[in-house]
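Colleague: the sequence isn't on hand, but the structure is:
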């Protein structure tokens, strides 16, 4: 069944930048309500940024002004540009979609496998 596949994580120094990407593992008709969440060891998974229909976006207070979410509807992909990274941004970052219209039906509340971002000198 279709999955969300993330890429772009890695090790970066404080103040540096990374760009995460997420796309469906196969061709789909559409993906709605895409966003990024993250989870640090011992903490709950938290919202980082989401993008709804039109130009609607919502960011966690801790990342406003540093992170930017965007999407490419033609590729059914979502991106997270992360600038001015801080050690407290270290976490596993997960891509999420509210629903995916596949060639065979729908999938709801879909999560990617996660990609690790480590901010350290």
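Modeller: Arrived safely, thanks for sending. No experiment lies behind these values; they were computed from the predicted model shown.

Colleague: need phi/psi at the most centrally placed residue in the chain.
Modeller: Here the mean C-alpha position of the chain is nearest to the C-alpha of residue 36 (C-alpha atoms, centre = their mean), at a distance of 3.1 Å. The phi/psi pair for residue 36 (degrees, to the nearest 10) reads phi -130, psi 140.

Colleague: so for the nearest residue to it once chain neighbours are set aside, what's the pLDDT?
Modeller: Nearest non-adjacent residue to residue 36, counting by C-beta to C-beta, 6 or more residues apart in numbering: residue 48, 4.3 Å away. Using the backbone N, CA and C atoms, a C-beta is placed for each residue, glycine as well. Each residue has a pLDDT score; the one for residue 48 is 98.

Colleague: can you check residue 117 too?
Modeller: pLDDT at residue 117 comes out at 97.

Colleague: centroid-wise, who is the farthest residue in the chain?
Modeller: residue 104 (24.7 Å).

Colleague: mind listing what that residue touches?
Modeller: Under the criterion of C-beta atoms under 8 Å, 6 or more residues apart in numbering, the contact list for residue 104 is empty.

Colleague: thought the residue nearest to residue 36 was touching residue 80?
Modeller: Yes - between residue 48 and residue 80 there is a contact at 6.9 Å, judged by C-beta atoms under 8 Å.

Colleague: and the residue nearest to residue 36, how far is that from residue 83?
Modeller: 13 Å (C-beta to C-beta, to the nearest Å).
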